[in-house]
Structures are given as C-alpha cells and as structure tokens.
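> okay, predicted coordinates and the sequence, questions at the end:
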Amino acid sequence: NAGVTQTPKFQVLKTGQSMTLQCAQDMNHEYMSWYRQDPGMGLRLIHYSVGAGITDQGEVPNGYNVSRSTTEDFPLRLLSAAPSQTSVYFCASSYRTDTGELFFGEGSRLTVL
Amino acid sequence: AQSVTQLDSHVSVSEGTPVLLRCNYSSSYSPSLFWYVQHPNKGLQLLLKYTSAATLVKGINGFEAEFKKSETSFHLTKPSAHMSDAAEYFCVVRNSVGASKIIFGSGTRLSIRP
C-alpha cells in the first residue's frame, strides 16, 4: 500500500525556472492538499482540492498553481521559482469528511538559488 | 474562527520521565483534534485523534491525550519518555463544518536527555 507518494524528494532550481512537484495517492481520497514547511512557521496551506476538478487557495497560494484532473493526482506547479520558495513541501490527503485524518507524503525539499 | 496554540515551542525531558505537550484550541463548532509526530526529514505521522467519542484518546507508542472542553485543551502525554520520542509534535484542529478547515499548531520540539 503506497499511500501518498511525492516526487521528487529533492530539487534544486535557479530563480525563474519552473517545475512541478508530483503527488499521487492510492486511497481514493477526495481531499488533497499542499503545505510548505519553513523553520519556525509550522505548516502553511498552499492549495487544496475537495475532488476532481475542484481546487481552492489556502493561506499562501501566490506563485503556485494546482490542478486536479483525477482523484489520484494533485500536482503543484511553480511558475517562476523565487528564493522565497525554498522550503519543504508536503502533500496530504484524506477522505472528504470533517473528522478524517490527513495522510502525508514524505516531503519534497526544494532549493531555489 | 478557529485556532490552535501549542504552548511550548521546545520541551526537554529525561528518558524515563513523563512527557506533557500542551495544546489549546478555539473553535466555533465541535472540532476534531489530532496529534501528529514528525521525525527529522520525515513526513507527519498520526499519533492519535479525537472525534467526539471518548474524551481520553490512546494513540501509538504509548501516547494519549485528553479532550477537555471546559478548558479547550487537548494535551498530549506519555508516562515514560524514550529516546525514540525525540521529534516535532503538531496539534491540529479540523472543523466539523467544512472539510477544508484544518489548522496546524506551530509545533513543539521534544528533546530527550539520556
């Protein structure tokens, strides 16, 4: 049982480059989300989705795009990377209930030079 | 509006002594509450959750938490700390209205002294 799979685990970009962080889950979860984790700031929600074709912004959406064409996949796109986007990114999913726990991927560490 | 406050950013205990990590919350609705643990360079793992059943919740690795509505608290405890408990711990509240309302505390780093 793979759970939530994130790729790549590590990535180095130059300022202005674009890239996509991939997230896939095999638990048929309706809810998927992306967080970034920075020292001293905990986890901050970037974007989330409550089902295929539905996405919404979280706390820190600027500079990121998402789409949800299937239930399984929820990629996060950085359009023009900036050093401020250096962070660890986590994808998380859950059933679309108000009591369900989040299942997290292992994280993707991104460095923007 | 809902919020989560973890009262200590860092807690240090000796191996074999009790652990107490404090979490207070505010929520306009009946919340679901969770504790997660994050070991270095790893993702977050669920320790336990409260979803309006028993107020004393038992989790993995000997951890438990008690939901106290009158105090709006959900403190995490363990009777005897082990070196492997050293990690970051997050208290999370999920609103019972709206699947998107998930709020993370800022985290408590637990250190264990030999």
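Good, I have the coordinates. Nothing here was measured: the structure is a model prediction, and the numbers come from that model.
> counting by contacts, list what the helix or strand of chain A with the lowest mean pLDDT packs against.
Here the helix or strand of chain A ranked lowest by mean pLDDT, DSSP states H and E is strand A:42-51, holding a mean of 90. Contact analysis of strand A:42-51 by 3 or more C-beta pairs under 8 Å, 6 or more residues apart in numbering or on different chains; DSSP states H and E lists strand A:31-38, strand A:54-57, strand A:64-66, strand B:102-104 as its packing neighbours. C-beta here means a position set from N, CA and C on the backbone, and glycine is covered the same way.
> who touches the third one?
Yep, that's strand A:64-66 we're talking about. Identification of contacts with strand A:64-66 by C-beta atoms under 8 Å, 6 or more residues apart in numbering or on different chains yields A:34, A:46-47, A:49, A:55, A:74-79.
> so which of these comes closest to chain B?
Minimum distance to chain B across these is 9.3 Å, recorded for residue A:49 (C-beta to the nearest C-beta).
> the closest residue to that closest one other than its chain neighbours and chain B, how far apart?
Spatial nearest neighbour of residue A:49, excluding adjacent residues (C-beta to C-beta, 6 or more residues apart in numbering or on different chains): residue A:68 at 4.2 Å. According to C-beta to the nearest C-beta, to the nearest Å, residue A:68 and chain B sit 13 Å apart.
> right, and residue B:56 touches residue B:64 too?
Yes - between residue B:56 and residue B:64 there is a contact at 6.4 Å, judged by C-beta atoms under 8 Å.
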